[in-house]
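# When you get a sec, could you give me coordinates for this:
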Amino acid sequence: MPINIPKHLPAGERLKEEKIFVMEEDRAKTQQIRPLNILVFNLMPEKEKTELQLLRLLGNTPLQVNVTFLNTATYESKNVSKSHLDTFYQTFDEIKHRRYDGLIITGAPVEKMDFEAVGYWEEIKTIMDWANANVTSIMYICWGAQAALYHHFGIGKFELPKKCSGIYSHVITDLTVDLVRGFSDEYVAPHSRHTSVSIDEVRAHPNLRLLSYSDNAGVFIVQSKNNKHIMITGHLEYDASTLSDEYYRDLEKGDEIEMPVNYFPYDDSTKAPKNTWRAHSHLLFYNWLNYYVYQETPYNWHFVEDAIEFHI
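Sure thing, here's the model as predicted:
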């Protein structure tokens, strides 16, 4: 089944080239089915790249998915045109009256800052609290995962001695959990961050389940025991070239940065890296959409009697 995207969204042509089944809004309205409504709160600076990465994964399932992009109202993005945001994004005030089947909150380039020092922290807290009542399942990525662990579960972050950047091997703690159904006993995934969270605090928390971790990169997949919150500290959505782009960007800025580990062939940055995590990326998003969104969401939100009304 297709993913439904706004008409003329730049990522649409690239998705069609990759043979991802895409349907624009006008045609989708003629389909007599109940599509899943997924909200993407895109906090990444290069929004169009993140749009493509996430739409590629959301579009590779048998489910029809409507996607709405959300942007901050309290912070103006500097790396994307205002016309792109005005055309394809909405603010919280514009969507807060609705309910959604799923929500993705991405990473953000603010991880070295205290949460309370982030200019849009109050807005993010409001949206996370709203989502508790109005979204079936929420996936948080990288800084978004750290924000959720802090806000919902009281687990803070700490700065690493050096940036965690590269492709790391991970293990699964319980292969019977639906989110990691079909995963290999060991698999690789990208990380790109300056901060981390305590694996001991995650393990000790009564409302959390540590599903996957790396001996070198630490906590990776954490799930709340009520299955509503799924926190991914790395970037399974990344393209093969994303870490390379970040590495050369940091070098140009004059940052003291090491080459991403286990990434460039033979540690030669002149050689093109390969995507060795693609299969598990698609599997994670497939499992999330199927088991935690589609199988759990009400067919008609209006008839959910115990939904909590949200006021601002």
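
# for this structure, which spans come out with low pLDDT?
Counting by pLDDT under 70, the chain shows low-confidence ranges at 1-5, 8, 11-12, 15-16, 18-33, 299-312.

# so where do the helices sit in it?
For the chain, applying DSSP state H gives helices covering 11-17, 25-28, 47-58, 82-88, 92-95, 121-134, 143-153, 199-204, 242-253, 278-287.

# Quick check: the gap between N287 and P190.
N287 sits at a distance of 19 Å from P190 (criterion: C-beta to C-beta, to the nearest Å). Just so you know, the C-beta spots here come from the backbone N, C-alpha and C atoms, and that holds for glycine as well.

# What number of residues are in the vicinity of P62?
10 (other C-beta atoms under 10 Å).

# Please read the previous query as pertaining to L211.
23.

# my guess is it meets I172, correct?
Yes - here L211 reaches I172: they are 6.5 Å apart, a contact under C-beta atoms under 8 Å.

# can you list residues touching both of the two?
V180 (C-beta atoms under 8 Å, 6 or more residues apart in numbering).

# residue ranges of the strands in the stretch 151-300 of the chain, please?
158-172, 186-196, 208-214, 218-224, 229-232 (DSSP state E, counting those that start in this stretch).

# Which of these sits closest to W121?
Closest to W121 of the strands of the stretch 151-300 of the chain, according to C-beta to C-beta: strand 186-196, at 15.3 Å.

# Next, the angle from that closest one to strand 218-224.
Using axes from the mean of the first three to the mean of the last three C-alpha atoms, to 10 degrees, one finds that strand 186-196 and strand 218-224 are set 90 degrees apart in direction.

# If you count neighbours, what's buried in strand 186-196?
Using 16 or more other C-beta atoms under 10 Å as the test for burial, strand 186-196 gives 187-193, 195-196.

# and H235, how far is that from Q64?
26 Å.

# List the buried residues in stretch 94-114.
95-96, 99-108, 110-111.

# let me redo that: stretch 254-268
Across stretch 254-268, burial judged by 16+ other C-beta under 10 Å covers 257, 260-261, 263-264.

# same deal with stretch 58-72?
58-61, 63-72.

# Which of those residues sits closest to V222?
For the buried residues of stretch 58-72, the residue nearest V222 by C-beta to C-beta is L58; the value is 21.1 Å.

# Enumerate every residue touching the closest one.
Counting by C-beta under 8 Å, 6+ apart, L58 has contacts 3, 38, 65, 67, 285, 289.

# try H151
Here H151 is in contact with 115, 124-125, 128 (C-beta under 8 Å, 6+ apart).
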